[in-house]
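Enquirer: here is the input, now give the coordinates:
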Amino acid sequence: MEASARFAIGESYTGKVVWDASAMPHGLIGGSTGSGKTGLLRCIIHQAIKKHWNISVLDFKGGGDYTTVERQYQDLAKDYGPFIISEAEEARQLLMGLTIEVKGRLAAFKEAGVSNIEEYNARGRERFVPWLLVVDEAAELLDVKPKDKAEKEMYSEIDHYLRTLARLSRAAGVHILMGFIRPSADVLDGQIKNNLLWRVCGYFSDPAASRIVLDSERATELPPEVKGRFIVGEEETQAYYFPVPPIAVEAEDGGEAEREPSAPASPAEQGTT
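Expert: A predicted model of the protein is given here:
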């Protein structure tokens, strides 16, 4: 664990790699299916839970990848609200609420004569809690073909709120991580991309996808058989293995039994030493 708004990511050839959200408040994480992108997001979420941050996950794949960290969060923040959001209307409501929260925080900073959440909290009166917003497979939100006028308006609002948050929320302590399996210039336009300064990319066979995330083709050079291998900034990095804890399942006698997660592949099986 790292202190403050710093998150341990993995190890590079030069040592430990850290995401400093106070310096680079928003991030873009890309990678093909099976590259370990969701595992890295879960690792960051786990650390944010330990830091007692507010956390929201927009996952339109159903949220199953985040069940264990959701339970961990609920144990610490009972009745706070939904952790995983998988419906467009709920996402719109959350993003609208976050936009109002950010504008309220910025107004409080102005009144107090400070410029950001760190300075405000250091004054020791009331304290704002940092907020991590994870959008897993963001194309599910940004590349929707609306079926009718009402749906078009709803997704237009979602897009507007995401762009507003990406522009305004840095000082307010609201941090956005967007994940992409198939990034494209149509979905990830310059306005959003330019606000996602922290870049992480797993293996892509398509050079164009690598260029969209990294502005280079380095992701095509990563070993596709090694999960959790990313380019983070300029460094090739092996992300920390974040195991899924035992899951309680119903036993034959009606009680609960523990199901152990599968063991990680050995270095030989992963094709690395």
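
Enquirer: give me the neighbour count for the nearest residue to Arg127 once chain neighbours are set aside.
Expert: Of all residues not flanking Arg127 in the chain, Asn121 sits nearest, at 4.9 Å (CB to CB, 6 or more residues apart in numbering). Bear in mind the C-beta positions are built from the backbone N, C-alpha and C, glycine included. Using other CB atoms under 10 Å, Asn121 has 16 neighbouring residues.

Enquirer: residues in contact with Tyr13?
Expert: Counting by CB atoms under 8 Å, 6 or more residues apart in numbering, Tyr13 touches Glu235, Glu236.

Enquirer: quick revisit: wait, isn't the residue nearest to Arg127 in contact with Phe128?
Expert: Yes: between Asn121 and Phe128 there is a contact at 6.4 Å, judged by CB atoms under 8 Å.

Enquirer: which SS state does Ser22 fall under?
Expert: coil (DSSP: H, G, I helix; E, B strand; the rest coil).

Enquirer: and the closest residue to it other than its chain neighbours, how many neighbours does it have?
Expert: In this structure, Ser22 finds its nearest non-sequential neighbour in Ala5, 4.4 Å apart by CB to CB, 6+ apart. Counted by other CB under 10 Å, the residues lying close to Ala5 total 21.

Enquirer: now do the one 10 residues further on
Expert: Gly15 is flanked by 8 other residues according to other CB under 10 Å.

Enquirer: show me the beta-bridge partners of it.
Expert: Ser12 (DSSP bridges).

Enquirer: what's the neighbour count on Ala139?
Expert: The burial count for Ala139: 19, using other CB under 10 Å.

Enquirer: typo on my end, it should be Phe128
Expert: 18.

Enquirer: what about it, is that helix, strand or coil?
Expert: Following three-state DSSP, Phe128 is assigned to coil.

Enquirer: excluding chain neighbours, what is closest to Val144?
Expert: Going by CB to CB, 6+ apart, Val144 has Tyr155 as its nearest residue, at 5.0 Å.

Enquirer: the one you found contacts Lys145, correct?
Expert: No: using CB under 8 Å as the test, Tyr155 is too far from Lys145 to be in contact (9.2 Å).

Enquirer: which of the two has more residues huddled nearby?
Expert: The neighbour comparison of Tyr155 against Lys145 (other CB under 10 Å) goes to Tyr155, with 19 against 7.

Enquirer: and that one, what does it touch?
Expert: Ala88, Leu141, Val144, Pro146.

Enquirer: now, of those residues, which are buried?
Expert: Listed as buried from the contacts of Tyr155 are Ala88, Leu141, Val144; burial here means 16 or more other CB atoms under 10 Å.

Enquirer: now, among these, which is nearest to Glu234?
Expert: Within these, the smallest distance to Glu234 is 29.0 Å, found for Leu141 (CB to CB).

Enquirer: good, we can wrap up now.
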